[in-house]
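Asker: kindly return the folded structure for what I paste below:
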Amino acid sequence: MYNDSIFKLKLQIEFLNKGVVPLAWRQESGAPTHFDINKILAEFPPDEARAMKRKFRKLWRKLVEHSLKRPGKNSRRRLHNIEHGEAIPSRKAKNFRKGEVLNAIHRKVAKAPK
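Answerer: Residues are numbered from 1 along each chain as shown. The predicted model follows:
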């Protein structure tokens with residue numbers, strides 16, 4: 001199901017509806033992307049790139065808010081991995097944040113009625 005081209009298209013459409021650069025675990029060639037969206041954002045006009053970054057931050061902050069409301073080991077681990085409360089996040093934390101947003105949108109598209 002997840003390797004289906006229609007599912008991938010739905011996933012990209014959902015990212016674009018959210019106003020965020022589409023993320024993926026791997027490129028079509030099979031090489032890891034390392035979530036380097038700065039190369040993609042460099043192609044956009046500065047005001048659009050800024051808006052996309054702001055919308056991405058809004059999405060992951062919403063996920064953090066959800067984790068803060070839920071007690072438990074998984075929520076604490078998630079908050080630790082994304083370095084919640086740190087002024088300057090590390091590269092690892094940024095990748096975790098991108099992964100959290102990707103997983104959330106992935107789950108939403110997978111749950112959507114066909």
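
Asker: drop to CA atoms for contacts and neighbour counts, all remaining ones
Answerer: Fine.

Asker: output the below-cut-off pLDDT ranges for the chain.
Answerer: Counting by pLDDT under 70, the chain has low-confidence residues at 1-3, 25-36, 114.

Asker: show me where this protein has its helices.
Answerer: 5-18, 38-41, 46-69, 73-81, 91-111 (DSSP state H).

Asker: contacts for the fourth one next, please.
Answerer: With contact meaning Cα atoms under 8 Å, 6 or more residues apart in numbering, helix 73-81 is reached by 64, 67-68, 92-93, 96.

Asker: hang on, the earlier thing: hey, which of the helices of the chain is tucked in deepest?
Answerer: Among the helices of the chain, helix 91-111 has the highest mean neighbour count (mean count of other Cα atoms under 10 Å), at a mean of 17.

Asker: next one: it to chain centre, how far?
Answerer: 4 Å (Cα atoms, centre = their mean, to the nearest Å).

Asker: go ahead and flag the most central residue of this protein.
Answerer: Geometric centre of the chain, nearest residue: V101, 2.8 Å, by Cα atoms, centre = their mean.

Asker: pretty sure it is touching W60, no?
Answerer: Yes: using Cα atoms under 8 Å, V101 makes contact with W60 at a distance of 6.0 Å.

Asker: coming back round to it: and the furthest pair within the contacts of helix 73-81?
Answerer: Distance extremes for the contacts of helix 73-81: the farthest pair is L68 and K92 at 20.3 Å, using Cα to Cα.

Asker: hmm, back to that, of the helices of the chain, which approaches A24 most closely?
Answerer: A24 lies closest, by Cα to Cα, to one member of the helices of the chain: helix 91-111, at 7.3 Å.

Asker: using PDB, list the CA coordinates for the closest one.
Answerer: Only the C-alpha atoms of helix 91-111 are listed here, as PDB (Å, rounded to 0.1, in the frame of the first residue of the first chain):
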ATOM      1  CA  ARG A  91      20.700  18.400  13.300                       C
ATOM      2  CA  LYS A  92      19.400  15.200  14.800                       C
ATOM      3  CA  ALA A  93      16.500  17.000  16.500                       C
ATOM      4  CA  LYS A  94      15.600  18.700  13.200                       C
ATOM      5  CA  ASN A  95      15.500  15.300  11.500                       C
ATOM      6  CA  PHE A  96      13.300  13.900  14.200                       C
ATOM      7  CA  ARG A  97      11.000  16.900  13.800                       C
ATOM      8  CA  LYS A  98      10.800  16.300  10.100                       C
ATOM      9  CA  GLY A  99      10.100  12.600  10.800                       C
ATOM     10  CA  GLU A 100       7.300  13.400  13.200                       C
ATOM     11  CA  VAL A 101       5.600  15.600  10.700                       C
ATOM     12  CA  LEU A 102       6.100  13.000   7.900                       C
ATOM     13  CA  ASN A 103       4.700  10.300  10.200                       C
ATOM     14  CA  ALA A 104       1.700  12.400  11.200                       C
ATOM     15  CA  ILE A 105       0.700  13.200   7.600                       C
ATOM     16  CA  HIS A 106       1.500   9.600   6.500                       C
ATOM     17  CA  ARG A 107      -0.900   8.300   9.200                       C
ATOM     18  CA  LYS A 108      -3.600  10.800   8.100                       C
ATOM     19  CA  VAL A 109      -3.400   9.800   4.500                       C
ATOM     20  CA  ALA A 110      -3.400   6.100   5.400                       C
ATOM     21  CA  LYS A 111      -6.500   6.500   7.500                       C
END
